[in-house]
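Peer 1: below is the sequence, then the predicted model.
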Amino acid sequence: MYKVAIISCGMIANAAHIPAYKHLPDHFEIVGVCDINEKAAKETAERHHIKNFYTNAEEMLKKLKPDIVSVCVPNCFHKEYVMLALSHNAHVLCEKPVAFQYKDAMEMYSFAQEKGKYLIGCQSMRFTPDRLAVKKMIENGELDEIYYAEFSRIRRRGIPTWGTFHMKKISCGGAFIDIGVHIVDALVWLMGNPKIRSVSATTFQNHATEIGNLVESGALTGEVHHVRTFHPEEMDVEDFACGSMTFENGARANFKVAWATNLPEEASIKLISKKAGVDIPAGKIYKGKDTVEELKTEENKYKEEAFFGHFYLVDNLLKVLKGEEDLIVKPEEIINVAAILECFYKSAELGREIHVKELEAK
């Protein structure tokens with residue numbers, strides 16, 4: 001039985017992390033939750049029948065000595081609480097992105113290695129049946145080295161209308177760091193984690209003031225009783241981003257990501273190799289002059305769960321701790337994604353292509 005503690009009691013803790021741990025009650029016990037908002041911590045503890053709640057994370061870690069900590073704080077505070085949890089000798093499951101700067105990611109994983117603990121990024125969108133099927137194809141050699149890719153993650157009018165997603169000082173970025181990072185991670189994972197060479201990016205903010213024309217994103221906030229109201233005048237992050245990436249193996253990827261734009265909803269990845277090309281989620285495999293095959297997928301065993309990827313992540317964590325599996329989300333992949341994020345935002349800020357060597361030089 002592993003003791004688990006949760007830091008921050010927002011939507012993702014209540015709707016994803018806590019249900020995933022409770023799914024395996026013979027192996028995980030949630031012994032405490034923490035939030036700087038005492039009402040949120042108390043309400044979460046009572047709703048999920050958790051004995052202890054705190055407003056100070058270090059106090060919780062000292063008293064409860066958990067084996068595993070889920071870090072669910074906003075993006076800008078990930079490093080602070082990951083390092084705190086690791087310093088208290090806990091394995092850490094951290095919400096995405098673990099880091100948005102290359103140097104921070106290197107420091108965090110170096111410290112985890114020093115402490116002999118696992119640091120796992122919650123890149124939960126690798127676990128869709130189509131992406132898992134394409135990964136298996138690649139591992140079986142049905143696609144050789146991918147030389148070109150493109151991805152789109154589009155919401156037509158889906159700027160988050162609650163919380164602090166729209167505030168740079170808390171979330172560090174907008175659409176790209178929120179929903180784009182899932183597709184970036186899936187792409188890098190499918191491609192075999194080629195190291196990023198450079199990123200060229202452009203960002204826009206066009207639709208924040210369309211209050212009556214935004215999709216109300218309140219469905220999942222039923223998991224949280226203390227949400228913050230969206231104020232469009234506070235928004236200082238991108239609602240649309242586009243650009244390209246080059247990798248050290250010569251591969252290239254083009255992309256567009258939006259919380260809001262005048263395009264249809266989309267979450268797609270296209271990969272091209274000499275042997276074949278694949279289109280996700282269309283489920284098509286293209287070979288030669290005439291051949292188009294259907295992608296064969298397996299059933300998602302957690303399809304009824306809103307955040308099914310977290311269930312797969314917790315399953316994997318348990319098997320890793322028991323010595324039965326390797327980590328699915330590996331440190332070197334998350335470090336690569338952090339480098340992409342930093343290059344992306346620096347490119348958008350400076351208006352030029354950013355090479356990862358510029359980050360390494362620092």
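Peer 2: Thanks, I have it.
Peer 1: quick one, what contacts the residue positioned nearest the centre of the chain?
Peer 2: The centroid of the chain falls nearest to Lys96 when counting by C-alpha atoms, centre = their mean (3.4 Å). By C-beta atoms under 8 Å, 6 or more residues apart in numbering, the contact set of Lys96 is 121-124, 181-182, 185. To be clear about C-beta, it is placed using only N, CA and C from the backbone, and glycine gets the same treatment.
Peer 1: could you find the closest non-adjacent residue to Val337?
Peer 2: Asp185 (5.3 Å; C-beta to C-beta, 6 or more residues apart in numbering).
Peer 1: in terms of helix, strand or coil, where does Tyr21 fall?
Peer 2: The three-state label given to Tyr21 by DSSP: H, G, I helix; E, B strand; the rest coil is helix.
Peer 1: and the gap between it and Asn56?
Peer 2: 22 Å (C-beta to C-beta, to the nearest Å).
Peer 1: these two - which one has more neighbours?
Peer 2: Set Tyr21 next to Asn56 and count neighbours by other C-beta atoms under 10 Å: Tyr21 wins out with 25 against 11.
Peer 1: now the top helix by length along the chain: mean pLDDT?
Peer 2: The residue-count maximum for a helix in the chain (DSSP state H) belongs to helix 331-350. For helix 331-350, the per-residue pLDDT values average out at 98.
Peer 1: next SSE after it?
Peer 2: strand 354-355 (DSSP states H and E).
Peer 1: what residues does stretch 305-312 touch?
Peer 2: 12, 15-17, 19-20, 23, 122-127, 220, 300, 302, 328.
Peer 1: may I see the buried residues of it?
Peer 2: By neighbour count on 16 or more other C-beta atoms under 10 Å, the buried set for stretch 305-312 is 305, 307-312.
Peer 1: out of those residues, name the ones that lie in strands.
Peer 2: Judged by DSSP state E, the buried residues of stretch 305-312 include no members of strands.
Peer 1: from the residues you listed, pick the one nearest Met167.
Peer 2: Of all the buried residues of stretch 305-312, Met167 sits closest to Phe307, with 23.1 Å by C-beta to C-beta.
Peer 1: so how far is Cys122 from the closest one?
Peer 2: Counting by C-beta to C-beta, the separation of Phe307 from Cys122 is 9 Å.
Peer 1: which residues do the two both contact?
Peer 2: Ala16.
Peer 1: can you show me the helices along the stretch 101-250 of the chain?
Peer 2: Along the stretch 101-250 of the chain, counting by DSSP state H, counting those that start in this stretch, helices occupy 102-115, 129-139, 168-171, 175, 181-190.
Peer 1: deepest in the core, which of those helices is it.
Peer 2: Of all the helices of the stretch 101-250 of the chain, helix 175 carries the top mean neighbour count, a mean of 30, counting by mean count of other C-beta atoms under 10 Å.
Peer 1: coming back round to it: who's in contact with the residue nearest to Val337?
Peer 2: 96, 121, 123, 125-126, 333-334, 337.
Peer 1: same deal with Glu80?
Peer 2: With C-beta under 8 Å, 6+ apart, Glu80 has these contacts: Val73.
Peer 1: any idea how far apart the tips of stretch 18-33 sit?
Peer 2: Across its full length, stretch 18-33 reaches 10 Å between end residues, using C-alpha to C-alpha, to the nearest Å.
Peer 1: same deal with stretch 237-256?
Peer 2: Terminal-residue distance, stretch 237-256 (C-alpha to C-alpha): 15 Å.
Peer 1: same thing with stretch 110-121?
Peer 2: 15 Å.
Peer 1: pLDDT (mean, whole number) over it?
Peer 2: Per-residue scores along stretch 110-121 average to 98.
Peer 1: who touches that stretch?
Peer 2: Taking C-beta under 8 Å, 6+ apart as the rule, stretch 110-121 contacts 82-83, 86-87, 89-94, 96-98, 108-109, 185, 313, 317, 320-321, 327, 329, 331, 334, 337.
Peer 1: just the ones in strands from these, please.
Peer 2: Per DSSP E, these map to strands at 91-94.
Peer 1: related to what we said a few turns ago, just the buried members of the contacts of Asp185?
Peer 2: 96, 121, 123, 125-126, 333-334, 337.
Peer 1: now distance to Thr229 too, for the residues you listed, in JSON lines please.
Peer 2: Below are these laid out as JSON lines (distance: C-beta to C-beta, whole Å):
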{"residue": "Lys96", "distance to Thr229": "24"}
{"residue": "Gly121", "distance to Thr229": "30"}
{"residue": "Gln123", "distance to Thr229": "29"}
{"residue": "Met125", "distance to Thr229": "28"}
{"residue": "Arg126", "distance to Thr229": "33"}
{"residue": "Glu333", "distance to Thr229": "36"}
{"residue": "Ile334", "distance to Thr229": "32"}
{"residue": "Val337", "distance to Thr229": "31"}
